[in-house]
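# missing the sequence, but the structure's below:
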């Protein structure tokens, strides 16, 4: 009975670890507006809060949802619509909001987008906040006034005058776009990125222009435009803890012709942070992917979240037919101590006098190579980091990873 309890406990622990590693790290729900409510329809104007799951408009200002589902409609179709011509940065949908309208005489007509985060931000932690923006073709002005306001509760404009409920929000955003960084590109998506240290009171975000026209920065980019406005598209919004560890996955063995998934579950934000390499050559940019190597391959993951860089590696051992044999990682080869500072000891079953040692860095470059003449290896000249040790003995290759401190 005790034996089965131990097996059960191990199984539960493994499941919890798998869930933790594969849990989504982006705190923004429906980050690229792909999840739509039932009953979505296409029209001249589609109010995004009626159909974009988890998002809402905090004022009477009415942002719009644009979708490829409306390819034959003029108003909110993609790429052609009544605001111009634009494809989503990812997926099928994106949002649009009025950030400046100098022709209404008030200087404060605004539209904002809001959502409740998946989790309240953790006090003291630093997060990478990122969004992509683009200017609608048919509007006259480009503006740089985009702010991100965090709040513990929803921001609402409760002005008793209905005419003012679509006007300027009297809040100060914690994050603002650089004054000189005009959102003027009508073709490409422009990246806005910040680092933000949480106070623990961040449960909602609201995005828009929090400044009056008189103190906003804007410039004419389309002199023939009918509307004296700045209308900005938004897509791929993310908030990710910069201390999130890189995760390439567990080393595994597959049969020739099979495939295996490595990395984390792909998601908006993290996909842009993860760069995969084989032998120093880039192969993809995504949080995780399916691979089907023909031979034993080590995949190197470089994760760069707002300038915080971490590495991880995963080795997929391919067991081919014939007499060629590949040793499993840490099966017939052991490296200790691990982590190590000046030297490592190597223990390998039945290694011959012809065995060779190779040590590769996280980009796959060979940094040390020599014959296995003794069990202890000097690594004092290596830089700190993760390394892959290969023991090559005739037609047998054994692998182990270690950390140099």
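Yep, it's here. This structure is a prediction, so every number in the text was calculated from the model and none was measured.
# Could you pull out the helices in this structure for me?
Ranges of helices in the chain, per DSSP state H, are 2-22, 48-51.
# Determine which of these shows the lowest mean per-residue pLDDT.
When the helices of the chain are compared by mean pLDDT, helix 2-22 comes last with a mean of 44.
# what sits against residue 276?
If you count contacts by Cβ atoms under 8 Å, 6 or more residues apart in numbering, residue 276 has them with 263, 282, 283, 284, 285, 286, 289, 299, 300, 301, 302. Any C-beta I mention is one placed from the backbone N, CA and C, and that applies to glycine too.
# so it bridges to which residues?
As for beta bridges, residue 276 partners with residue 284, residue 301 under DSSP bridges.
# For residue 236, see how far away it is.
To residue 236, residue 276 is 20 Å away according to Cβ to Cβ, to the nearest Å.
# before we move on, what about residue 28?
Residue 28 is 9 Å from residue 236, where distance means Cβ to Cβ.
# what residues are shared contacts of these two?
Common neighbours of residue 28 and residue 236 (Cβ under 8 Å, 6+ apart) are 268, 269.
# just to revisit the earlier point, for PyMOL, write the select line for the buried members of the contacts of residue 276.
A single PyMOL command selects the buried members of the contacts of residue 276 (16 or more other Cβ atoms under 10 Å):
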select buried, resi 263+286+289+299+300+301+302
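# surely residue 394 meets residue 353?
No - look at residue 394 against residue 353 with Cβ atoms under 8 Å: they stay out of range, at 11.0 Å.
# and those two? which has more neighbours close in?
residue 394 (11 against 8; other Cβ atoms under 10 Å).
# That one: what's it in contact with?
Contacts for residue 394 (Cβ under 8 Å, 6+ apart) come out as 352, 354.
# again with residue 302
Contacts of residue 302 by Cβ under 8 Å, 6+ apart are 246, 274, 275, 276, 277, 309, 310, 311, 362, 363.
# Farthest out from the centre of this structure, which residue is that? Tell me.
In the chain, residue 353 marks the outermost C-alpha relative to the chain mean, sitting 47.2 Å out by Cα atoms, centre = their mean.
# Next one: that residue from residue 371, what distance?
In terms of Cβ to Cβ, residue 353 sits 8 Å off from residue 371.
# what do you get for residue 218?
For residue 218, the distance to residue 371 - Cβ to Cβ - is 68 Å.
# for residue 351, same thing?
Applying Cβ to Cβ, the value for residue 351 to residue 371 is 11 Å.
# Counting neighbours, go ahead and name the busier of the two.
Using other Cβ under 10 Å as the criterion, residue 351 and residue 371 rank with residue 351 on top: 18 against 10.
# Against residue 398, how distant is that one?
Distance from residue 351 to residue 398, counting by Cβ to Cβ: 8 Å.
# do residue 359 as well
13 Å.
# hey, what's in contact with both of the two?
residue 390.
# Looking only at neighbour counts, state which of these two leads.
The neighbour count for residue 359 versus residue 398, taken as other Cβ under 10 Å, is higher for residue 398 (25 against 21).
# That one contacts residue 332, correct?
Yes - assessed by Cβ under 8 Å, residue 398 is found in contact with residue 332 at 5.6 Å.
# anything in contact with each of the two?
Common neighbours of residue 398 and residue 332 are listed as residue 348 (criterion: Cβ under 8 Å, 6+ apart).
# circling back to that earlier point, list residues touching both of residue 351 and residue 398?
residue 391.
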